[in-house]
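>>> Quick one: sequence plus predicted model below, questions after.
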Amino acid sequence: MGRQYEEVYHRSVEDAEEFWAAEAQKLHWFQRWEQVLDDSKAPFTRWFSGGQTNLCYNAVDRHVVAGKGDRPAILWESPELGQSRTLTFRELHREVNRFAAALQRCGVTKGDRVLVYMPMVPEALIAVLACVRIGAIHSVVFAGFSVESLAHRIEDSGSRVIVCADGALRKGKPINLKEIVDRAVDQARTEVERVIILDRGVVPWTPVPGRDVRWDEAMAEIGEAEVPAVPLNATDPSYILYTSGTTGKPKGVVRDTGGYMVALHASMDLIYGCTPEDVYWSTSDIGWVVGHSYIIYGPLLYGIPTLVYEGTPDSPNPGIWWETIEKHRVSVLFSAPTAMRMLRKFPSSWIEGHDLSSLRHVFLAGEPLDEPTYRWAAETLNKPVIDHYWQTESGWPMITNHMGIPPLPVKPGSPTREAIGWQLDVVDEQGDPVPRGQRGYLVAYPPLPPGALQTLWKDDERFVGSYWKHFARHGKRLYFSGDYAIKDEDGYYWLLGRADEVINVAGHRMGTREVEEVISGHPGVAEVSAIGIDDEIKGQAIAAFVVLKKDVADSPALHQEIIHLIRESIGPIATPKVLRVVPRLPKTRSGKVMRRVLRAICEEKALGDLSTIEDGASVDEVRKALDELGEVTQPRT
């Protein structure tokens with residue numbers, strides 16, 4: 001076991017051009033590439049230079065031409081509205097052509113930016129595919145970002161056209177997206193010429209004369225349309241996706257066309273182990289990188305149905321996901337550890353009784369997968385659970401267990417080894433590899449494989465500074481992931497948290513993940529978040545916030561059990577100064593714990609932008625947990 005992985009992996013990095021050329025030949029090209037890899041202007045690596053292709057043609061037209069037009073392409077489920085819908089590849093082709101024509105009528109041409117601010121509806125995918133069909137650059141913004149955040153993205157991208165919906169629902173609560181767009185357009189120093197609104201009847205809204213047009217009216221004016229897919233250079237930008245920056249100014253990650261297409265298509269087989277008969281469900285949102293890569297492009301490029309889901313894991317009941325898997329015969333599920341931890345709080349009876357026989361693999365990514373959550377998911381679902389690691393910048397997995405080839409043995413808590421194409425290592429401050437088993441910084445050796453970010457929008461200098469200069473003073477050109485990790489004797493990687501979240505207690509450095517992993521091992525714990533807080537004596541101290549399982553009560557004995565676990569597993573130095581039980585953790589709507597919010601509460605600092613928080617009540621609950629014990633002040637020294 002492992003020999004085939006070694007063969008495939010080494011071919012992907014040692015004979016990279018031959019390997020990726022073979023993968024590229026499985027897709028449609030209007031013009032074949034002249035050079036597979038152009039690294040002459042490193043770190044601005046270019047893949048398939050001289051080649052011309054189109055993401056939309058390969059994701060939609062190619063399957064219709066191949067006689068698969070009647071196959072389902074989009075399966076839409078909305079527990080929020082109690083509605084379902086299916087679009088075949090032929091129907092998707094029709095709608096994408098019509099909307100592409102509508103965009104052209106708005107004056108959108110190749111290179112123009114179109115901002116998409118929509119909930120999880122089929123029209124969101126149609127809008128994105130229509131953009132890449134005509135060579136427009138799409139910038140999808142998560143439907144829930146604040147007015148200020150949206151205004152910045154409109155302004156930075158220079159979007160002339162916005163596509164939005166009147167509103168969205170979150171556990172039945174309406175979110176007025178049109179109002180947010182109106183206010184953001186007023187704030188942005190960019191002239192927005194047209195706003196196309198999908199009227200779902202969720203909230204009332206008023207059109208802005210001369211600027212706003214309803215989706216159905218725009219499509220009615222078009223009628224039927226055939227808009228040829230524009231041959232685009234493989235190196236042309238396909239989209240801009242903004243990710244958080246340490247300076248507070250979001251970074252516009254720029255993705256290419258050809259390299260991204262080839263990487264995603266290859267990953268569907270080699271990493272996700274998909275077959276042509278599968279149904280793929282990524283539970284993410286199209287506003288995040290996972291939604292771009294594995295709700296929109298990956299499954300459609302591979303020619304299999306993608307399940308688009310509007311709702312949360314526990315509403316209208318904690319069994320809704322398993323009902324959905326049973327209904328649509330989902331083969332591959334891609335979700336996040338946060339979702340599993342949420343569902344882990346509920347009795348397993350919500351899962352039992354559902355036919356999950358179609359489900360073959362469960363992939364989890366987005367944050368470290370702790371061993372207790374892994375074991376719960378694997379044992380409760382009785383399915384292989386695959387931990388994998390990647391970033392907005394990478395566009396697809398960097399570390400994973402490949403299901404398309406005989407998988408490697410699982411080590412719970414580790415996402416296993418490098419994905420095809422990625423050459424990774426763990427290094428010290430000088431950029432030198434550390435001995436196996438020691439902590440260090442996770443880096444990638446250039447050139448980065450196809451699909452990775454090309455640059456940052458209108459900011460090549462920041463691209464180099466953010467990702468390539470960390471070790472430059474030592475004469476090394478390494479891609480800095482920003483994460484802290486260990487590489488063990490078998491070459492498996494263990495992620496310890498963001499490098500800037502490493503807790504330094506009296507000179508002892510440890511990752512937040514190390515502390516969380518131990519606390520998660522307590523049988524009464526459902527979720528936990530550990531952070532470093534200011535301490536006058538030790539520099540930093542540890543604060544840990546715990547969510548208990550539904551049937552577990554808080555008690556002094558439980559606190560002592562958790563502290564004992566930490567002292568036994570890591571050492572007395574890791575004993576938390578603050579250990580509090582809370583009803584829930586403050587999270588973004590994508591499910592990530594907002595550590596900065598926890599830290600700000602503990603240190604009595606400004607909370608900052610909370611526009612993406614899932615439930616504002618969680619902030620008050622954390623404050624209350626500290627306040628009741630006299631600790632909403634600077635941490636005790």
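Here it is on my side, so go on.
>>> Can you list the low-confidence ranges for the stretch 401-550 of the chain?
Along the stretch 401-550 of the chain, the parts satisfying pLDDT under 70 run over 500, 502, 506-509, 536-537.
>>> so the most centrally placed residue in the chain, which of the three states?
Computing the C-alpha centroid of the chain and ranking residues by Cα atoms, centre = their mean puts residue 290 first, at 3.7 Å. When classified by DSSP: H, G, I helix; E, B strand; the rest coil, residue 290 comes out as helix.
>>> Mind checking what secondary structure the closest residue to it other than its chain neighbours has?
Nearest residue to residue 290, sequence neighbours excluded (Cβ to Cβ, 6 or more residues apart in numbering): residue 284, at 3.8 Å. Just so you know, the C-beta spots here come from the backbone N, C-alpha and C atoms, and that holds for glycine as well. Using three-state DSSP, the structure places residue 284 in coil.
>>> How many neighbouring residues does the nearest residue to residue 60 once chain neighbours are set aside have?
Nearest non-adjacent residue to residue 60, counting by Cβ to Cβ, 6+ apart: residue 93, 5.0 Å away. By the criterion of other Cβ atoms under 10 Å, residue 93 has 24 neighbours.
>>> ok, now residue 466?
Using other Cβ under 10 Å, residue 466 has 18 other residues around it.
>>> swap in residue 176?
For residue 176, using other Cβ under 10 Å, the count is 15.
>>> in terms of contact, does it touch residue 165 like I think?
No: shown here, residue 176 and residue 165 do not form a contact pair, counting by Cβ atoms under 8 Å, at 10.1 Å.
>>> the strands in the stretch 101-250 of the chain, which residues?
113-117, 137-140, 161-165, 168-170, 173-175, 194-198, 212-214, 232-233, 239-243 (DSSP state E, counting those that start in this stretch).
>>> buried set for stretch 51-68?
51-64, 68 (16 or more other Cβ atoms under 10 Å).
>>> so of the residues you listed, which ones are in strands?
52-53 (DSSP state E).
>>> Where do the helices of the stretch 51-200 of the chain begin and end?
In the stretch 51-200 of the chain, the segments counted as helices under DSSP state H, counting those that start in this stretch are 55-56, 62-65, 89-105, 122-134, 147-157, 177-187.
>>> now the ones you listed in CSV, with distance to residue 309?
Output for these, formatted as CSV (distance: least, Cβ to Cβ, whole Å):
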stretch, distance to residue 309
helix 55-56, 22
helix 62-65, 22
helix 89-105, 17
helix 122-134, 11
helix 147-157, 23
helix 177-187, 18
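>>> Quick one, which of those helices gets closest to residue 526.
Among the helices of the stretch 51-200 of the chain, helix 147-157 comes nearest to residue 526, with 30.1 Å by Cβ to Cβ.
>>> sorry, back to before: kindly state the pLDDT recorded for the residue nearest to residue 60?
The model reports residue 93 with a pLDDT of 98.
>>> Please verify my assumption that it contacts residue 68.
No: proximity of residue 93 to residue 68 does not meet the contact threshold set by Cβ under 8 Å, at 11.0 Å.
>>> Show me how the chain divides into domains.
3-311+388-466, 502-627 (automatic domain parsing).
>>> deepest of those, which one?
Burial of the domains of the chain is given as mean neighbour count (mean count of other Cβ atoms under 10 Å); domain 3-311+388-466 ranks first at a mean of 20.
>>> can you give me the end-to-end distance of it?
This stretch, domain 3-311+388-466, spans 36 Å end to end (Cα to Cα, to the nearest Å).
>>> Also stretch 220-235?
Note: stretch 220-235 ends 35 Å apart using Cα to Cα.
>>> again, but for stretch 437-449
Using Cα to Cα, the two ends of stretch 437-449 sit 26 Å apart.
>>> what do you get for stretch 284-293?
Taking Cα to Cα, stretch 284-293 runs 10 Å from one end to the other.
>>> go on, stretch 271-282?
Termini of stretch 271-282 sit 14 Å apart (Cα to Cα).
>>> Centre of the chain to that stretch, how far?
Computed by Cα atoms, centre = their mean, to the nearest Å, the chain-centroid distance of stretch 271-282 equals 18 Å.
>>> any residues touching it, and which ones?
75, 268, 290-291, 294-295, 298-299, 302-307, 309, 324-325, 328-335, 358, 360-361, 363, 388, 396-397, 400, 402-404, 419-420 (Cβ atoms under 8 Å, 6 or more residues apart in numbering).
>>> got the contact list for residue 593?
Under the criterion of Cβ under 8 Å, 6+ apart, the neighbours of residue 593 are 338, 367, 529, 585-587.
>>> out of these, what pair is the most spread apart?
367 and 586 (14.4 Å).
>>> The stretch 451-600 of the chain: helices as residue ranges?
460-467, 512-520, 556-569, 595-603.
>>> want to throw these into TSV with distance to residue 188?
Output for the helices of the stretch 451-600 of the chain, formatted as TSV (distance: least, Cβ to Cβ, whole Å):
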stretch	distance to residue 188
helix 460-467	20
helix 512-520	36
helix 556-569	47
helix 595-603	25
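>>> among the ones you listed, which is nearest residue 542?
So among those, helix 512-520 is nearest, using Cβ to Cβ, at 6.1 Å.
>>> quick check: angle from the closest one to helix 595-603?
Interaxial angle of helix 512-520 relative to helix 595-603 (axes from the mean of the first three to the mean of the last three Cα atoms, to 10 degrees): 80 degrees.
>>> partner residues bridging residue 444?
Beta bridges link residue 444 to residue 424, residue 479 when assigned by DSSP bridges.
>>> Now do the same contact list for it.
Residue 444 sits next to 398, 422-425, 478-479, 481 when contact means Cβ under 8 Å, 6+ apart.
>>> and if you look at residue 215?
123, 163, 196-199.
>>> and which of these is nearest residue 155?
Nearest to residue 155 among the contacts of residue 215: residue 163, at 17.1 Å, using Cβ to Cβ.
>>> The closest one bridge partners, please.
residue 116, residue 196.
>>> how close does it get to residue 364?
Note on residue 163: its distance to residue 364, by Cβ to Cβ, to the nearest Å, is 31 Å.
>>> now do residue 160
As defined by Cβ to Cβ, residue 160 lies at a distance of 38 Å from residue 364.
>>> before we move on, what about residue 275?
From residue 275 to residue 364 the distance is 21 Å (Cβ to Cβ).
>>> And for residue 271?
With Cβ to Cβ as the criterion, residue 271 and residue 364 are 13 Å apart.
>>> Name the residues contacting each of these two.
Counting by Cβ under 8 Å, 6+ apart, the contacts common to residue 271 and residue 364 are residue 388.
>>> any chance you could map the helices in the stretch 201-350 of the chain?
For the stretch 201-350 of the chain, the helices defined by DSSP H, counting those that start in this stretch cover 215-222, 258-270, 289-291, 298-302, 320-328, 337-344.
>>> by contact count, what packs against the longest one?
Using 3 or more Cβ pairs under 8 Å, 6 or more residues apart in numbering; DSSP states H and E as the contact test, the elements touching helix 258-270 are helix 16-24, strand 46-49, helix 298-302.
>>> Grab the CA positions of it and hand them over as PDB.
Extracted in PDB, the C-alpha atoms of helix 258-270 (Å, rounded to 0.1, in the frame of the first residue of the first chain):
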ATOM      1  CA  GLY A 258      -6.700  26.800 -18.100                       C
ATOM      2  CA  GLY A 259      -4.600  25.700 -15.100                       C
ATOM      3  CA  TYR A 260      -7.500  25.900 -12.700                       C
ATOM      4  CA  MET A 261      -9.700  23.900 -15.100                       C
ATOM      5  CA  VAL A 262      -7.200  21.100 -15.500                       C
ATOM      6  CA  ALA A 263      -6.400  20.900 -11.800                       C
ATOM      7  CA  LEU A 264     -10.100  20.700 -10.800                       C
ATOM      8  CA  HIS A 265     -10.900  18.100 -13.400                       C
ATOM      9  CA  ALA A 266      -8.000  15.900 -12.300                       C
ATOM     10  CA  SER A 267      -8.900  16.200  -8.700                       C
ATOM     11  CA  MET A 268     -12.400  14.900  -9.200                       C
ATOM     12  CA  ASP A 269     -11.000  11.500 -10.200                       C
ATOM     13  CA  LEU A 270      -7.600  11.300  -8.400                       C
END
